[in-house]
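A.B. asks: mind folding the following:
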Amino acid sequence: MSRGFDSSFGPPSQPINVADFLQQANSAVLSGSFTNASWEQLTPEHRNVVEAEINESISDLKSSLEQVWDNPVLSAHVLRQHESTVASVRGQADAPVPKGRKRKRHVAPEGSESSPEALQLQEKLDAVNLRCWRLTVESALCMRAAKNSDYNALDAPKKTGTGVLQILDHGDVGATRSSTPNSLRSPSPDAISPPNAVISLTVYNRISYLPGFLTRSSQHAVLSTQTLGDLLRVLPCASSNMPIEELDAEGDVSGYNITNQTGDHVGCLFCIEDLIYGDGRETADYAEKLIAHIQKLPEGKRPQIKKASTSVSETTFNALTLRIYQPYWILHQGNCEHFFVIDQIRLAHASDPPSGYPLMLYLAPTVQDLCRACGKVPAVHSIVGDMRLGESPCLLCAPCWRTMGPPKNDEGVMVVPLVTPFMNQ
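C.D. replies: Next comes the predicted model:
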């Protein structure tokens, strides 16, 4: 069921023309349409009072949270209560346990709940009138154990391109770091709207052993002035990092070279809102190949798509009409498929990184096979035809392969570098 949830998208939004969105949003900022009339009517003294009250409320909430999490007794109590609640929900929702098996129950250590601090904290939590976040039996349908795609291999946004955010001096337009709510902020008289929109999107890949399901691969932030080709060049994909075959005089494969990769996507296409954006080659354009293939299908099964007038490298995001939460299709490097979903389209903000777009916001950790010799380090080589090893191919890490040294008779032995979807940057 969790696989089904991860592979379900939508409902999609209404079509959004990025250029129209930019024009309307910038006009609204300049005209002051985002200004709250009630806020503008307040005197400066009254505004200061409201801001001070907001600051105090936020500070109180932050202080109370920090006090709980900084206290080992209180934080342990909160975690135990949460785990106990989750176990109770799962216990009520699960099917009956087969006869002869007993369900493992979470039991708090003796005396762990008798601390005066923990009892006082629990009384405060029980006194909260907000009940909508309490877990019910139905919550078990959306519970699952953490999996690989839930973790982020990046500890900060990664710059993967050369795009520069063209944002001018906004004054107070969305750039202030005051605690005043966004709905109460007013633009400065000489505010100038930014020329860029920032588009956040998530890329999904098919699961190799479950091709009907998808898993999250990466998340990116691109500028509206960048092209589809700029996005494709920074997608982490194993097909883009395939080692180049080295041939001998007779034309047989004698080895692999992973250092001389060009990274060019000579064949690719994007399918967005029934338009196919090809690679723009004069011959063997991917879009034309796809349309020719579709024409071979029975007329009733042909999707209603057509080739766009511009190629991937010519099409900028501000020339597109997109829908949020609508999956779009990418095909490149032969038959390698990706799907991407638009998460957000917004105006640029002064706190956004000034350069390095597209930014990579999320990257799923790569699950690599361990070395067959030590069983502790991820393998980086696939050794083929070495009689000293118990199998062929045999996956080894770099230290173990260096320790073994080259075979005396290396004829027929091939060292193949393993491919990872990380970019060579």
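A.B. asks: quick one: the helices in the stretch 51-200 of the chain, in order.
C.D. replies: Secondary structure of the stretch 51-200 of the chain (DSSP state H, counting those that start in this stretch): helices at 72-93, 116-126.
A.B. asks: could you say what helices and strands the shortest one packs with?
C.D. replies: Just to be clear, that refers to helix 116-126. Applying 3 or more CB pairs under 8 Å, 6 or more residues apart in numbering; DSSP states H and E, we find helix 116-126 packed against helix 72-93. Yep, even glycine has a C-beta here, placed from its N, CA and C like the rest.
A.B. asks: next, the buried residues of the helix it packs on.
C.D. replies: Using 16 or more other CB atoms under 10 Å as the test for burial, helix 72-93 gives 74, 77-78, 80-81, 89.
A.B. asks: one more: stretch 293-310?
C.D. replies: 305, 307-308, 310.
A.B. asks: repeat for stretch 361-375
C.D. replies: Neighbour-count burial for stretch 361-375 flags 361-364, 371-373 (criterion: 16+ other CB under 10 Å).
A.B. asks: could you list the buried residues of the helix or strand containing Glu45?
C.D. replies: Assigning secondary structure by DSSP states H and E places Glu45 in helix 44-70. Residues Val68 are the ones in helix 44-70 that count as buried (16+ other CB under 10 Å).
A.B. asks: would you agree Leu320 is in contact with Val18?
C.D. replies: Yes - using CB atoms under 8 Å, Leu320 is in contact with Val18, at 5.8 Å.
A.B. asks: between those two, point out the one with more neighbours.
C.D. replies: Leu320 (23 against 19; other CB atoms under 10 Å).
A.B. asks: how about residues contacting the strand of greatest length in the chain?
C.D. replies: Counting residues, the longest strand in the chain under DSSP state E turns out to be strand 210-223. Outside strand 210-223, the residues within contact range by CB atoms under 8 Å, 6 or more residues apart in numbering are 3-4, 6-7, 149, 157, 160, 163, 165, 196-207, 230-231, 234-236, 317, 338-339, 343, 348, 357-364, 421.
A.B. asks: among these, which ones are in strands?
C.D. replies: Counting by DSSP E, the contacts of strand 210-223 place 160, 163, 197-207, 338-339, 343, 357-363 in strands.
A.B. asks: which of the residues you listed are buried?
C.D. replies: Neighbour-count burial (16+ other CB under 10 Å) is assigned, among the ones in strands among the contacts of strand 210-223, to 160, 163, 197-206, 338-339, 357-363.
A.B. asks: among the helices of the stretch 51-200 of the chain, which comes closest to Val380?
C.D. replies: Across the helices of the stretch 51-200 of the chain, Val380 has its closest neighbour in helix 72-93 (38.0 Å, CB to CB).
A.B. asks: ok, back up a step: Asp285 is nearest to which of the helices of the stretch 51-200 of the chain?
C.D. replies: helix 72-93 (52.5 Å).
A.B. asks: send the alpha carbons of the closest one over as CSV?
C.D. replies: Extracted in CSV, the C-alpha atoms of helix 72-93 (Å, rounded to 0.1, in the frame of the first residue of the first chain):
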residue,chain,number,x,y,z
PRO,A,72,16.9,14.4,28.6
VAL,A,73,14.1,13.3,30.9
LEU,A,74,11.3,15.3,29.2
SER,A,75,12.5,14.5,25.6
ALA,A,76,12.6,10.8,26.5
HIS,A,77,9.1,11.0,28.0
VAL,A,78,7.7,12.7,24.8
LEU,A,79,9.4,10.1,22.6
ARG,A,80,8.1,7.2,24.7
GLN,A,81,4.6,8.6,24.7
HIS,A,82,4.7,8.9,20.9
GLU,A,83,6.0,5.4,20.4
SER,A,84,3.4,4.0,22.7
THR,A,85,0.6,5.8,20.8
VAL,A,86,1.9,4.5,17.5
ALA,A,87,2.2,1.0,18.8
SER,A,88,-1.4,1.2,20.2
VAL,A,89,-2.8,2.4,16.9
ARG,A,90,-1.0,-0.3,14.9
GLY,A,91,-2.1,-2.9,17.5
GLN,A,92,-5.8,-2.0,17.0
ALA,A,93,-5.5,-1.8,13.2
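A.B. asks: sweet, I'm off.
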